[in-house]
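*Asks:* Please work out how this folds:
(2 chains)
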Protein chains: 2
Amino acid sequence: MTTRIDPRDLPGRPCSLAAALKIVGDRWALPAIREVMLGNHRFRQIAKNTGAPTDRLAARLKALVENGVLERRPLPDDGQRQGYYLTRAGRELADVTSALMSWGDRWAVTSPPVRMRHKDHDLVVHTVCGVCGDTVRNTDVQREDITPGWTAAGFEEPARS
Amino acid sequence: MTTRIDPRDLPGRPCSLAAALKIVGDRWALPAIREVMLGNHRFRQIAKNTGAPTDRLAARLKALVENGVLERRPLPDDGQRQGYYLTRAGRELADVTSALMSWGDRWAVTSPPVRMRHKDHDLVVHTVCGVCGDTVRNTDVQREDITPGWTAAGFEEPARS
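*Replies:* Numbers count the residues shown, from 1 in each chain, chains lettered A, B, ... in the order given. Presented below is the predicted three-dimensional model:
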């Protein structure tokens, strides 16, 4: 990532969710990243398959390159032209895109437009803790706010002694 | 969900990711949902803790209620007033918010502003397949497009016989 965000500079709660959305929260960012994940590296393909206006898409792809999510490299079949490829940060967005797709399948669409298969069965995305392997339940998770004054409830000026 | 989206009506690829973003892709939607998840049910708290402009936040919360992600209910300590609560669809966004937070911690911020603990250890969000329990690797996943003409590469008019 080229420039990282100091979470205390965000409006409201210092939060990595809000910081992530500064980078990938634009309307066309995740659809564009989806296309690159699917192997579509050319601007023309990304524009057609997202339906994004080309001027907005160009600006967004530029920002994603600047933020280290995408990088430009020569296309293997056309060394004269540069395509868009995922960096490691971009590849690690796969958990975000699959969580959104899975939620969309369940709650946003009339009927899922794509069937995702995992090995020999349907894919069911499920979040576990990588340390213990257990399903992550809200009741087992505790937040420890690191920024002084902030708690789950909000900000309160730390008491002065 | 009040009105579901026919994925064929979306611009570009018929895709549940794009459908999900139509509902939660606005800049302030997920930060607002984060606050409700943290137990902040009052408009005033949500506005303060997200830093969202109140007019935009009011419009966004209204849309989230219309789309069945949030619902209004009387506040337990102030029955005269209505607060915002998660519906089942809203609660199921927890995988999306935790994937974004975790990505943000790794790639977007100078230093994580919150430490997430799971039972007696740090929480490491990890995506597995709910059917077989294995880590989801790109190479083990296959897409089967259901909408005629669409493949991973894009749209091609189906051949007519």
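
*Asks:* which other residues reach the strand ranked longest in chain A?
*Replies:* The longest strand of chain A (DSSP state E) is strand A:78-86. Under the criterion Cβ atoms under 8 Å, 6 or more residues apart in numbering or on different chains, residues A:32-33, A:36-37, A:41-43, A:46, A:61, A:65, A:69-75, A:93 lie in contact with strand A:78-86. In short, each C-beta sits where N, CA and C put it, glycine included.

*Asks:* residues making contact with stretch A:97-108?
*Replies:* A:30, A:33-34, A:37, A:112, A:114, A:116, A:124-125, A:127, B:1, B:4-5, B:15-23, B:68-69, B:89, B:92-93, B:95-96, B:99, B:127, B:136.

*Asks:* So among those, which ones count as buried?
*Replies:* Among the contacts of stretch A:97-108, those classed as buried by 16 or more other Cβ atoms under 10 Å in any protein chain shown are A:30, A:33-34, A:37, A:112, A:114, A:116, A:125, A:127, B:1, B:4-5, B:15-23, B:68-69, B:89, B:92-93, B:95-96, B:99, B:127, B:136.

*Asks:* ok, back up a step: filter the contacts of strand A:78-86 by proximity to chain B?
*Replies:* A:Val69, A:Leu93 (Cβ under 8 Å from any Cβ of the partner chain).

*Asks:* Which of the contacts of strand A:78-86 are buried? Put it as a PyMOL command.
*Replies:* A single PyMOL command selects the buried members of the contacts of strand A:78-86 (16+ other Cβ under 10 Å):
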select buried, chain A and resi 32+33+36+37+41+42+43+46+61+65+69+70+93
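
*Asks:* In strands, which of the contacts of strand A:78-86 fall?
*Replies:* A:Leu70, A:Glu71, A:Arg72, A:Arg73, A:Pro74, A:Leu75.

*Asks:* Any idea how many residues pack against the closest residue to the third one other than its chain neighbours?
*Replies:* Taking Cβ to Cβ, 6 or more residues apart in numbering or on different chains as the measure, A:Arg72 lies nearest to A:Gln82, with 4.3 Å between them; neighbours along the chain are not counted. For A:Gln82, the count of nearby residues is 15 (other Cβ atoms under 10 Å in any protein chain shown).

*Asks:* Looking at the ones in strands among the contacts of strand A:78-86, which one is closest to chain B?
*Replies:* The shortest approach to chain B among these belongs to A:Leu70, at 12.6 Å (Cβ to the nearest Cβ).

*Asks:* Verify the contact between that closest one and A:Ile33 for me.
*Replies:* Yes: with contact defined as Cβ atoms under 8 Å, A:Leu70 counts as touching A:Ile33 (7.5 Å).

*Asks:* what residues do the two have in common as contacts?
*Replies:* With Cβ under 8 Å, 6+ apart, A:Leu70 and A:Ile33 have common neighbours A:Leu64, A:Leu86, A:Gly90.

*Asks:* List the beta-bridge partners for the second one.
*Replies:* When bridges are taken as DSSP bridges, the partners of A:Leu86 come out as A:Leu70.

*Asks:* Can stretch A:140-156 be said to contact chain B?
*Replies:* Yes: counting by Cβ under 8 Å from any Cβ, chain B is contacted by stretch A:140-156 at A:140-147, A:150, A:152-155.
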